[in-house]
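A.B. asks: here is the input, now give the coordinates:
(chains A and B)
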Amino acid sequence: MIKDEIARMVEEAATRAQEAGELPAIALPEIVIERPQRSEHGDYATSLPLRLARAAQANPLDLGQALVRRLPPSDAVERVEVLPPGFVNFHLSESWLARQVDAVLEAGAAFAQAPVGQGQKVQVEFVSANPTGPLHAGNGRWAALGSTLARVLQAAGYRVETEYYFNDAGSQVDVFARTLYARYQQLFGREAPVPEDGYVGSYMVDLAEQARERFGEAMLRPQGEPAPEELGRFGMEQVMDWIRRDLTDLGVHFDHWYREQTVYDAGHFDKVMALLREKGLIVEREGAVWFATSQLGADKDEVVVRSSNLPTYLATDIGYHYDKFFVRDFHRVIDIWGADHQGHVRPLQLAAEAMGIQPERLNIIIGQLVTLRRGEEVLKISKRSGDIITLREVMDEVGRDACLFFFLSRSADAAIDFDLELAKRQSAENPVYYVQYAHARIAGILNHAGESALGGGDVAGGDTSLLTHPAELALIRKMLLLPELVETIARTLEPHHLPYYAQDLATAFHDFYEKCRVVDDDSPELSRARLKLVAAAQSVLATTLGLMGMSTPDRM
RNA sequence: GUCCCCGUAGCUCAGUGGACAGAGCGGCUGCCUUCUAAGCAGCGGGCCGCAGGUUCGAAUCCUGCCGGGGACGCCA
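C.D. replies: Now for the predicted structure:
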């Protein structure tokens, strides 16, 4: 990446200036190359002189000049200038920029790649909603975020695996089974109230009806007897089918589906309990077993085994993370959780540390919640409290691509207030179509060229040195940003920049389109060069949309 | 009470140490005989919640306060 090359040049210049005595032999700060907001400040800039001025006891402008004198030559950089209060600005060579079109075309989707991960094994775990009800809109947010993050990390050179963790054991499973059995019995006229803490959503009635179709009355037990296990299993499998179908239709794929029960079957639970006990972090009190997080700086301990002898969710999760780090050997693990799980972050991090995992290897992204509304009416989202707006309904109303784009556009730190009425009304003028339209327009141009005197899609023949128009260069500059963006997202784990970049890129194309005629029989050489440019732009647009899991229509 | 997130244009949100603060939507005005007008150009719109502090430089970092959301369970 050109940005890295400039950073190397600056570092070399600084070192040489020190050797020449023009810069005191002080420790250099990290070389930061930034992108100026204003185009007259060049393509890249560094404020290194400002940062050095105090320690060097020198005028930043003089330091800048000394730096510039020692800069090694580069055919990518045409002009370097020092501007007050102490910035060094780099202007890229226009002929170098034009040549990058060839490089972009040749690289294809690989153009987005950034050398960050170096083949490290990383896991992204997300959604992981329990199969006790259909996915709701909030789950869709994590699906969009997690799958996009996984694709970006892949492009950044990590070996990525995605995972969905689901409970097929534990108390919620039991509540689910009892609720289903109550609804099932009601279908046969029995007095069977839904449990106090049960799932009151109407989908449980639908499930009960499916169970009746499947089993007839064979699942009925004598009054007062508990729900048959088979009925609960049946219900959960149905729900898992819904979940899998919804995710597939959203375009979200998981490499692994991990059952909670595995943590016990494989012995991970016993293993971590023994591990923590060895470290003196397990205490027994009030009939329960506690993880002594207070010894690690927390303000209270956490129960890991209830007095009923059942392990808690936290205990299972610790075992699950033992599996991630020590059995499956992920170098890095990323968990995406909703803000309602934030209290769970610290205990799990403490457990991971106690197991010897360096904190930076476990990234827990806490995403703020989604509030759904229809105009003024706030809709319930909790599975336990009532009927929910499912992800399926949102996808049907708003459209898959618009849904993904909307969820991705917000930082995970920002709560989303999703107004279905507004989303539906705005879906036709959603920015996602603006981006896709750019892609489709290019497809139209390429088609048109094929039918013109220029002949078929022979894009390879163009001479990119003919690309000199400001709109052409602006488009190329925007294209070159993608690998840098991939690098940034891989570092910050914040994919919400992607939709904004996609819009900027589309704007650069639409602007070019207005100003530069591509297919023009009177100037075939320029036409061929521009065909090459739009083909490259289409490739970058498609790659960007692809990272977000969205479709790339050729026609709209 | 403690902890986490947020507060930026009429609305929804980017920008988290740099050089005159941005986008989309909404409002107003223009532009289709020419590769898709789901497009383009222009106009209007901001004590960046408030008060201190750190810094050559703060929307961005620190402290306090105000407002909104979330968590504090032997639920997950």
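
A.B. asks: now the residue positioned nearest the centre of chain A: how far from RNA strand B?
C.D. replies: By C-alpha atoms, centre = their mean, chain A has its centre lying nearest to A:Leu149, at 2.7 Å. Per C-beta to the nearest atom of the strand, to the nearest Å, A:Leu149 is found 14 Å from RNA strand B. To be clear about C-beta, it is placed using only N, CA and C from the backbone, and glycine gets the same treatment.

A.B. asks: which stretch of helix or strand covers that residue?
C.D. replies: helix A:137-155 (DSSP states H and E).

A.B. asks: could you chop chain A up by domain?
C.D. replies: Using automatic domain parsing, the domain ranges for chain A come out as A:2-92, A:97-117+A:430-547, A:171-249.

A.B. asks: what distance separates the helix holding A:Leu149 from the centre of its chain?
C.D. replies: Offset of helix A:137-155 from its chain centre (C-alpha atoms, centre = their mean, to the nearest Å): 4 Å.

A.B. asks: any buried residues in that helix, and which?
C.D. replies: Residues of helix A:137-155 classed as buried: A:137-155 (neighbour count, 16 or more other C-beta atoms under 10 Å).

A.B. asks: what does stretch A:321-329 give?
C.D. replies: Buried, per 16+ other C-beta under 10 Å, within stretch A:321-329: A:His321, A:Tyr322, A:Asp323, A:Lys324, A:Phe325, A:Phe326.

A.B. asks: so the fifth one sits right up against A:Gly319, yeah?
C.D. replies: No - if you go by C-beta atoms under 8 Å, A:Phe325 and A:Gly319 don't touch, sitting 11.3 Å apart.

A.B. asks: what about the stretch 351-500 of chain A, any weak spots by pLDDT?
C.D. replies: A:375-376, A:380-387, A:455-458, A:460 (pLDDT under 70).

A.B. asks: the helices in the stretch 51-200 of chain A, which residues?
C.D. replies: With DSSP state H, counting those that start in this stretch as the criterion, the stretch 51-200 of chain A has helices at A:60-69, A:94-107, A:137-155, A:171-187.

A.B. asks: please pull out the lowest mean pLDDT helix or strand from chain A.
C.D. replies: When the helices and strands of chain A are scored by mean pLDDT, DSSP states H and E, strand A:377-379 comes last with a mean of 71.

A.B. asks: what residues does the stretch 101-250 of chain A have near RNA strand B?
C.D. replies: Within reach of RNA strand B by C-beta under 7 Å from any atom of the strand, the stretch 101-250 of chain A has these residues: A:Asn130, A:Asn167, A:Gly170, A:Ser171, A:Gln172.

A.B. asks: what's the most distant pair in these?
C.D. replies: A:Asn130 and A:Ser171 (10.7 Å; C-beta to C-beta).

A.B. asks: so the two - more neighbours on which side?
C.D. replies: Neighbour totals were compared for A:Asn130 and A:Ser171, and A:Asn130 leads with 18 against 14 (other C-beta atoms under 10 Å).

A.B. asks: who touches the more buried one in this structure?
C.D. replies: By C-beta atoms under 8 Å, 6 or more residues apart in numbering, A:Asn130 lies in contact with A:Phe166, A:Asn167, A:Gln172, A:Val173.

A.B. asks: picking up where we left off before, in helices, which of the buried residues of stretch A:321-329 fall?
C.D. replies: Those of these mapping onto helices are A:His321, A:Tyr322, per DSSP state H.

A.B. asks: and of the buried residues of stretch A:321-329, the nearest to RNA strand B?
C.D. replies: Among these, A:His321 lies closest to RNA strand B (C-beta to the nearest atom of the strand), at 14.3 Å.

A.B. asks: my read is that the closest one contacts A:Ile334, right?
C.D. replies: No - using C-beta under 8 Å, A:His321 makes no contact with A:Ile334, being 11.9 Å away.

A.B. asks: what pLDDT does the residue in the stretch 51-200 of chain A that RNA strand B sits nearest to get?
C.D. replies: In the stretch 51-200 of chain A, the residue that lies nearest RNA strand B is A:Phe87 (3.3 Å; C-beta to the nearest atom of the strand). Model confidence at A:Phe87, given as pLDDT, is 94.

A.B. asks: what's the answer for A:Ala227, then?
C.D. replies: pLDDT recorded at A:Ala227 is 92.

A.B. asks: now it. Nearest residue, chain neighbours left out?
C.D. replies: The shortest distance from A:Ala227 to any non-neighbouring residue, by C-beta to C-beta, 6 or more residues apart in numbering, is to A:Tyr181 (3.4 Å).

A.B. asks: list the contacts of that neighbour.
C.D. replies: A:Tyr181 sits next to A:Ala192, A:Met219, A:Pro226, A:Ala227, A:Pro228, A:Leu231, A:Gly232 when contact means C-beta under 8 Å, 6+ apart.

A.B. asks: tell me how far the longest helix anywhere in chain A lies from the chain's centre.
C.D. replies: Counting by DSSP H, the longest helix found in chain A is helix A:524-547. Going by C-alpha atoms, centre = their mean, the spacing between the C-alpha centre of helix A:524-547 and its chain's C-alpha centre is 26 Å.

A.B. asks: likewise for stretch A:92-107?
C.D. replies: Distance, stretch centre to chain centre, for stretch A:92-107: 29 Å (C-alpha atoms, centre = their mean).

A.B. asks: just stretch A:210-228 next, same as before
C.D. replies: Worked out by C-alpha atoms, centre = their mean, stretch A:210-228 lies 43 Å from the chain centre.

A.B. asks: give the buried residues for it.
C.D. replies: Buried residues in stretch A:210-228, counted by 16+ other C-beta under 10 Å: A:Ala211, A:Arg212, A:Met219, A:Leu220, A:Ala227, A:Pro228.

A.B. asks: so what touches it?
C.D. replies: A:177-178, A:180-181, A:184-185, A:187-188, A:190, A:230-231, A:234-235, A:238.

A.B. asks: and the nearest residue in space to A:Leu207 that is not next to it in sequence, how many neighbours?
C.D. replies: Excluding its sequence neighbours, the residue lying closest to A:Leu207 (C-beta to C-beta, 6+ apart) is A:Gly235, at 5.1 Å. A:Gly235: 26 surrounding residues under other C-beta under 10 Å.
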